[in-house]
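# Dropping a prediction and its sequence here:
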Amino acid sequence: MPKPIFDYSKLSGKIIEVCGTRENFAKQMGIGVGTLSGKLKGKYPFTQDEIYNACLILRITGNEDKEHYFFCLKS
């Protein structure tokens, strides 16, 4: 089965909307900006803990919202 490719463009927008910059978000997440960039480009996966923490920081609630930001497949 092929590896899914996720589209994080909506997540990127939410990061800017809530945190102002990717740098601010990465700092709150406790990861480097380069690591965050790699995750948003699909080079590295988000862990369950990272998704949980990101949802707290970005005030993302509900499973539908989580799917909208973290599990949207590229077409």
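Yes, it's here.
# Tell me, how many residues neighbour the closest residue to residue 11 other than its chain neighbours?
Among residues not flanking residue 11 along the chain, residue 69 sits closest, at 4.4 Å (C-beta to C-beta, 6 or more residues apart in numbering). C-beta coordinates here come from the backbone N, C-alpha and C atoms, glycine included. Counted with other C-beta atoms under 10 Å, residues neighbouring residue 69 total 22.
# Residue 69 in helix, strand or coil?
Using DSSP: H, G, I helix; E, B strand; the rest coil, the structure places residue 69 in helix.
# pLDDT score for the closest residue to residue 40 other than its chain neighbours?
With C-beta to C-beta, 6+ apart as the criterion, residue 40 has its nearest non-adjacent residue at 4.6 Å, and that residue is residue 8. Listed pLDDT for residue 8 reads 97.
# The spatially closest residue to residue 19 that is not a sequence neighbour: what's it in contact with?
In this structure, residue 19 finds its nearest non-sequential neighbour in residue 25, 4.1 Å apart by C-beta to C-beta, 6+ apart. By C-beta atoms under 8 Å, 6 or more residues apart in numbering, residue 25 lies in contact with 15, 18-19, 36, 54, 57-58.
# so which of those is the most crowded?
Most crowded among these, counting by other C-beta under 10 Å, is residue 15 at 24 neighbours.
# measure residue 73 to residue 39 for me?
From residue 73 across to residue 39, the span is 16 Å (C-beta to C-beta, to the nearest Å).
# Show me which of these two is the more surrounded one.
More crowded of residue 73 and residue 39, by other C-beta under 10 Å: residue 39, with 21 against 8.
# Residue nearest the middle of this structure, spatially speaking?
residue 11 (5.2 Å; C-alpha atoms, centre = their mean).
# Contacts for the helix or strand harbouring it, please.
In the assignment (DSSP states H and E), residue 11 maps to helix 9-19. By C-beta under 8 Å, 6+ apart, the residues outside helix 9-19 that reach it are 22, 25, 28, 40, 54, 57-60, 68-70, 72.
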